[in-house]
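1. everything below, folded, please.
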Amino acid sequence: MNQFGRLLGRLMPGTASEASVWIRGEDWATKHMRKAGCKVVARNLRLGMGEIDLLCEDPKTGAVIVVEVKARLRKTGDARKVDPEANITSAKKAKLRTLTMALTKQEAYHGRPIRIDVVAVVFEEGSRKPIELRHYESAV
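-> Residues are numbered from 1 along each chain as shown. Prediction:
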């Protein structure tokens, strides 16, 4: 577990493993986007009204990609399907659109094609490698 996860665990007991899953999810999503040929420009990019998990660029098309990462833990022996992407509510979609609009007002991104992707990552309890990773292009 990284330093942030340990600190969070001390400040908010019981949430360290959740923080670890969240951080690992972003790590794997970053690897996935790079493997897909994208340049990762920023992680956890803070704008006035919120945060973008990953900001990427597609060098082939020049598109800017706002990536929302959702990661969840599946308990060992639990056969139920885990859908982290199901937690993208209508309120979250609206927030992502607002963040994207704010981003397009910045000179570096003005007038460029932009899309919002979702990367869902599922870990099994006790595993550091995801058992599922799903990428939805233009999901929002």
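
2. buried sites along the longest helix that the chain contains?
-> Taking DSSP state H as the criterion, the chain has its longest helix at helix 16-35. Residues of helix 16-35 classed as buried: 16, 18-30, 32-33 (neighbour count, 16 or more other C-beta atoms under 10 Å). Backbone N, C-alpha and C define where each C-beta goes, glycine included.

3. what about this structure, any weak spots by pLDDT?
-> Scanning the chain for pLDDT under 70 picks out 1-19.

4. can you pull out the strands in it?
-> With DSSP state E as the criterion, the chain has strands at 39-47, 50-57, 64-74, 114-124, 130-136.

5. out of those, nearest to residue 83?
-> Closest approach to residue 83 among the strands of the chain (C-beta to C-beta): strand 114-124, 7.0 Å.

6. and that closest one, C-alpha only, in PDB?
-> This file holds the C-alpha atoms of strand 114-124, laid out as PDB (Å, rounded to 0.1, in the frame of the first residue of the first chain):
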ATOM      1  CA  ILE A 114     -12.600  15.800 -26.600                       C
ATOM      2  CA  ARG A 115     -14.300  12.700 -25.200                       C
ATOM      3  CA  ILE A 116     -15.100  11.200 -21.800                       C
ATOM      4  CA  ASP A 117     -14.100   7.600 -21.300                       C
ATOM      5  CA  VAL A 118     -14.800   5.300 -18.300                       C
ATOM      6  CA  VAL A 119     -12.300   2.600 -17.200                       C
ATOM      7  CA  ALA A 120     -13.800   0.000 -14.800                       C
ATOM      8  CA  VAL A 121     -11.300  -2.100 -12.800                       C
ATOM      9  CA  VAL A 122     -12.300  -5.100 -10.600                       C
ATOM     10  CA  PHE A 123      -9.800  -6.700  -8.100                       C
ATOM     11  CA  GLU A 124     -10.300  -9.900  -6.200                       C
END
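
7. and that strand, what does it pack against?
-> helix 16-35, strand 64-74, helix 90-104, strand 130-136 (3 or more C-beta pairs under 8 Å, 6 or more residues apart in numbering; DSSP states H and E).

8. between it and strand 130-136, how big is the angle?
-> Strand 114-124 and strand 130-136 are oriented at 160 degrees to each other (axes from the mean of the first three to the mean of the last three C-alpha atoms, to 10 degrees).
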